[in-house]
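>>> output the structure for:
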Amino acid sequence: MSTYPATSSLVHRNGRAATAGDLAPLAFAGYAHFTAMQIRDGRVRGLDLHLRRLRRASAELFGRALPDELVLTRLRQALQDGPADLSLTATVYTPSGEFTVADPDEEPELLIRTAAPSTGPEGPLTLATVTYERVLPTVKHVGEVAKTYFLRDAVAQGFDDAAFVDRRGRLSEATVWNLAFWDGSAVVWPLAEMLEGTTMAVVRRQLDRLGVPQRVQEITPADLPALAGAAVMNSWTPGVAVHRIGTAALPEAPDFLDLLHRAYRAEPLTAP
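Numbers count the residues shown, from 1 in each chain. Next comes the predicted model:
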């Protein structure tokens, strides 16, 4: 006969009782959203963009958002005892979780997780093309099994990662990356429904300040051979070279990569 009270719940992981440390990374894998950032010397680029992302996503998912000042206070608390350089993920969720109708007065809560700093892969990368459209593409929500599935499937095919093509045949984004292209004189951003990454937004506004031409247009796999370079970017890095997407080879474009990194470095680091 069990010695546990009838009201107790048991959780096992790999055949043993799970600890809080086991469960922490898995706790909010459902109805929630997040932003990810790289902290350097206790500061971050594009802090205003991260706050805006959290506000907008919370309004979309929960109908209300945490005040910016509260988010900043929580960020400062998470950083005060940590190293100067780290990766940080801030996840907003509601206690009711998923598969329920939330109480209209339920307030969002914030989970902050820190880890070692990252700069992403060196590249160059090759990307398989996959026909896929994310649900709520403008929200950085959690629990997206497709991203990991298509990444692993792409690697099994001999690629490094995967890029998404929508139902209209347009390239939109990659699994955990934004796409950027180069025509030899201007940066070209794909026109499609996608998540605008904070690094992407940082780079775009700094390119404007540097006077670098850029435009947004529909890009299909058939358009790739006419382009002069491609890259991916996310919170790890403002640019990793991409040398093949599907069957289309793309030329090396060191000046393009240098431009993306230069634009990113022009964004000031800000303390929360």
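
>>> what comes up buried for the lengthiest helix in the chain?
When the chain is parsed with DSSP state H, its longest helix is helix 47-62. Using 16 or more other C-beta atoms under 10 Å as the test for burial, helix 47-62 gives 47, 49, 50, 51, 53, 54, 55, 57, 58, 61, 62. Backbone N, C-alpha and C define where each C-beta goes, glycine included.

>>> of those, which is the nearest to residue 206?
Comparing the buried residues of helix 47-62 against residue 206 with C-beta to C-beta picks out residue 49 as the nearest, at 11.9 Å.

>>> the closest one against residue 203, yeah?
No - using C-beta atoms under 8 Å as the test, residue 49 is too far from residue 203 to be in contact (11.0 Å).

>>> could you dump the buried residues of helix 47-62 into JSON lines and include distance to residue 198 and pLDDT?
Converted to JSON lines, the buried residues of helix 47-62 look like this (distance: C-beta to C-beta, whole Å; pLDDT from 0 to 100):
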{"residue": "47", "distance to residue 198": "9", "pLDDT": "98"}
{"residue": "49", "distance to residue 198": "4", "pLDDT": "98"}
{"residue": "50", "distance to residue 198": "6", "pLDDT": "98"}
{"residue": "51", "distance to residue 198": "10", "pLDDT": "98"}
{"residue": "53", "distance to residue 198": "6", "pLDDT": "98"}
{"residue": "54", "distance to residue 198": "11", "pLDDT": "98"}
{"residue": "55", "distance to residue 198": "13", "pLDDT": "98"}
{"residue": "57", "distance to residue 198": "12", "pLDDT": "98"}
{"residue": "58", "distance to residue 198": "16", "pLDDT": "97"}
{"residue": "61", "distance to residue 198": "18", "pLDDT": "95"}
{"residue": "62", "distance to residue 198": "20", "pLDDT": "95"}
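
>>> dump those residues into CSV; add distance to residue 90 as well.
Below are the buried residues of helix 47-62 laid out as CSV (distance: C-beta to C-beta, whole Å):
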residue, distance to residue 90
47, 11
49, 13
50, 7
51, 10
53, 10
54, 7
55, 12
57, 11
58, 11
61, 14
62, 15
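
>>> neighbouring contacts of the host helix or strand of residue 244?
Under the criterion of DSSP states H and E, residue 244 resides in strand 237-245. Residues from elsewhere that reach strand 237-245 (C-beta atoms under 8 Å, 6 or more residues apart in numbering): 119-127, 129, 159, 163, 171, 177, 179-180, 199, 202-203, 221, 224, 229-233, 249-250, 252-253, 256-257, 260-261, 263-264.
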